[in-house]
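Chemist: Have a look; sequence and predicted model below, questions after that.
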Amino acid sequence: MNKVRTRFAPSPTGYMHIGNLRTALYTYIIAKKNGGDFILRIEDTDQGRLVEGATEVIYQTLRECGLNWDEGPDIGGPVGPYIQSQRMGMFKKYAEDLVEKGEAYYCFCDKDRLDELKAIQEASGIMPMYDRHCRNLSPEEVKEKLDANVPYVIRQKVPLDGEVTFHDELYGDITVACSTLDDQILIKTDGMPTYNFANVVDDHLMGITHVVRGNEYLASAPKYDLLYKAFGWEIPKYIHVEHIMKDKQHKLSKRDGDASYQDLMKKGYLSEAVLNYIALLGWAPKGEQEIFTLPELIEEFDISGLSKSPAIFDPMKLKAINGEHIRRLSPEEFLSHAEPYIRQAVKREDIDIGRIASLLQPRTELFTEIPEQIDFIDALPEYDNSLYCHKKMKTNEENSLESLKDILPVLEGIEDWTEENIHNALFELIARKGVKNGIILWPLRVAVSGKSFTPGGGIELSVILGKEETIKRVKTGIEKLS
RNA sequence: GGCCCCUUGGUCAAGCGGUUAAGACGACGCCCUUUCACGGCGUAAUCAUGGGUUCGAUUCCCGUAGGGGUCACCA
């Protein structure tokens, strides 16, 4: 069997949509799982939709995600060029081949006639379709018009009746009647190929064995099959993947801000987590494991786990998976990701960032949520005394005041401000007073943070803040409660 | 509208003729705990619908409904 070759063929129209990225991911995985090559081809033939810099975005996204291509525009390869606009000259002769074989024909119908035809068909409720007006022109008529330089297109000659059956690895055999298929244009008036034609020719020329693409191409697959057959080419394996939806009836739209990979990165997601999540959207692994690295995905992936119905994007689940990946980071990796966010909130130079990071790691699901968690470090926020009242801790304003008064001299007496020393001193106090931990520790936490939720308890926060600042805040607490 | 595809809890989903119908996220409760989180345990919640086929249908077939896709000299 030939070496597996898959291709990702995006149009550079702006940014990397999550659905596209997932297609790229599956495409990459299928190649790698089979020891094959993953090829990147840029389909930039629609000049109108081209967006400056979009190709760079594609490169960058794929690289960040580790979906490295074996052949592509920037690195070349044996079947280049890999930018479709640079391949434009080569298609016409393939179409002319088809004309010779009787599988395609010249069509001289102008736009006016076609528009009129379409209007009539629509008005009478018929599906708009070319009426095959030029299909049976005699060779003489064709030659005459060609010689007279009448503009023309080349159309595919779809069988008038019978049916076509094509095979999809996921959906199995799908059969459609030829009568529902249009004689689609292969070569446009300007001599350039349509996407549908270029795609088939390019895939063949590039030796693509598995075509992974969005479900929207399912309807044109029969026409592609007919084209492959007309050429006598081997038909690749098709894998049509379903769309990712925003809700039951809407696709993830470009406007809501979480449809693109770039947006998700800005929101504080890890690329591994995004990849992991989108792999799971529309694909189910065999076992119970849900958290995967890219190599693990390659190992686990199987086409049979792909879903045939659209999947709704669930931000909650993505977030949970992101948290899962964050917790698996080494402390060093976590710090390097988290530091910019910590620095957004903490400007003080004397603070031990690493210590904050270790507190943050188990409770961070999104890096962008870090600043608000630690916004009390540089300056004690205004807070209400009601924070001192906690039912479960059995604390209220009175006993909190008493506790803080007890805590103050204990803290002042600590020479070496380490977590261990603070811990020992306070637990000694707790033992001496014969109270529950919370009676002492809850008021301390409130006094030093001024918040109801903090990453870490009173002792941990005191270490971070330093002796001077901690004592100052405890005194502030005493004043507020007095 | 024609054609094609799809339909298991709120969401992602396992299942592939006989199951107490997995698991995860989310929700709720409990445990652990100096808050929150992490971790652990548990609860609620699903086979769109009507007909068949069968001893037996979530599973196979048909219809209905709902959803998606597609019908360009766009990709």
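Modeler: Ah, there it is.
Chemist: So what's the residue count around whichever residue of the stretch 51-200 of chain A sits closest to RNA strand B?
Modeler: Across the stretch 51-200 of chain A, the shortest distance to RNA strand B (Cβ to the nearest atom of the strand) belongs to residue A:195, at 3.0 Å. Any C-beta I mention is one placed from the backbone N, CA and C, and that applies to glycine too. By other Cβ atoms under 10 Å, 15 other residues sit near residue A:195.
Chemist: for it, what are its contacts?
Modeler: Residues near residue A:195 by Cβ atoms under 8 Å, 6 or more residues apart in numbering: A:43, A:45-46.
Chemist: Any quick ChimeraX command for the buried ones out of the residues you listed?
Modeler: Burial among those is assessed by 16 or more other Cβ atoms under 10 Å; the matching ChimeraX selection reads:
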select /A:43,45
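Chemist: Can you lay out the contacts of residue A:195 as a markdown table showing pLDDT, distance to residue A:21 and secondary structure?
Modeler: Compiled in a markdown table, the contacts of residue A:195 are given as follows (pLDDT from 0 to 100; distance: Cβ to Cβ, whole Å; DSSP: H, G, I helix; E, B strand; the rest coil):
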| residue | pLDDT | distance to residue A:21 | secondary structure |
| --- | --- | --- | --- |
| A:43 | 92 | 16 | coil |
| A:45 | 79 | 22 | coil |
| A:46 | 72 | 20 | coil |
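Chemist: Could you list which of the contacts of residue A:195 also contact RNA strand B?
Modeler: A:43, A:45-46 (Cβ under 7 Å from any atom of the strand).
Chemist: can you pull the buried residues of the helix or strand where residue A:296 lies?
Modeler: Following DSSP states H and E, one finds residue A:296 within helix A:294-300. Using 16+ other Cβ under 10 Å as the test for burial, helix A:294-300 gives A:294, A:297-298, A:300.
Chemist: if I look at residue A:404, how far off is residue A:177?
Modeler: 83 Å (Cβ to Cβ, to the nearest Å).
Chemist: now residue A:420
Modeler: Residue A:420 sits 80 Å away from residue A:177, going by Cβ to Cβ.
Chemist: phi, psi of the residue of the stretch 51-200 of chain A closest to RNA strand B?
Modeler: Dihedral pair for residue A:195: phi -60, psi -50, per degrees, to the nearest 10.
Chemist: Quick one: end-to-end distance for stretch A:390-404.
Modeler: 15 Å (Cα to Cα, to the nearest Å).
Chemist: For the lowest-mean-pLDDT helix or strand in chain A, which helices and strands make contact with it?
Modeler: Least confident helix or strand of chain A, by mean pLDDT, DSSP states H and E, is helix A:111-123 with a mean of 90. For helix A:111-123, there is no helix or strand it packs on, judged by 3 or more Cβ pairs under 8 Å, 6 or more residues apart in numbering; DSSP states H and E.
Chemist: Next secondary structure element downstream of that helix?
Modeler: Sequence-wise, the next helix or strand downstream of helix A:111-123 (DSSP H and E) is helix A:139-147.
Chemist: And that next one, how far out from the chain middle?
Modeler: In terms of Cα atoms, centre = their mean, to the nearest Å, the centre of helix A:139-147 is found 52 Å from the chain centre.
Chemist: about what we covered before: could you export the buried residues of helix A:294-300 as TSV, including distance to RNA strand B and pLDDT?
Modeler: As requested, the buried residues of helix A:294-300 are arranged in TSV below (distance: Cβ to the nearest atom of the strand, whole Å; pLDDT from 0 to 100):
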residue	distance to RNA strand B	pLDDT
A:294	18	98
A:297	14	97
A:298	19	97
A:300	13	96
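Chemist: could I get those as CSV with distance to residue A:207?
Modeler: CSV is the format used below for the buried residues of helix A:294-300 (distance: Cβ to Cβ, whole Å):
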residue, distance to residue A:207
A:294, 25
A:297, 25
A:298, 21
A:300, 27
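Chemist: Going by distance to residue A:233, which of those wins?
Modeler: residue A:298 (28.9 Å; Cβ to Cβ).
Chemist: I'd assumed residue A:31 was in contact with the closest one.
Modeler: No: here residue A:298 does not reach residue A:31: they are 9.4 Å apart, not a contact under Cβ atoms under 8 Å.
Chemist: Now residue A:292: closest residue in space, sequence neighbours ignored.
Modeler: residue A:276 (5.3 Å; Cβ to Cβ, 6 or more residues apart in numbering).
Chemist: So the one you found: helix, strand or coil?
Modeler: Classification of residue A:276 by DSSP: H, G, I helix; E, B strand; the rest coil places it in helix.
Chemist: any idea which element residue A:318 lies in?
Modeler: Residue A:318 belongs to helix A:315-328 when assigned by DSSP H and E.
Chemist: Pull the residues that contact the helix or strand just after that helix.
Modeler: Downstream of helix A:315-328, the next assigned helix or strand under DSSP H and E is helix A:331-345. For helix A:331-345, contacts defined as Cβ under 8 Å, 6+ apart pick out A:268, A:270, A:326, A:329, A:353-354, A:356-358, A:360-361, A:364, A:367-368, A:370-375, A:377-378.
Chemist: any idea how far helix A:331-345 is from the chain center?
Modeler: Centroid separation for helix A:331-345 versus its chain: 23 Å, with Cα atoms, centre = their mean.
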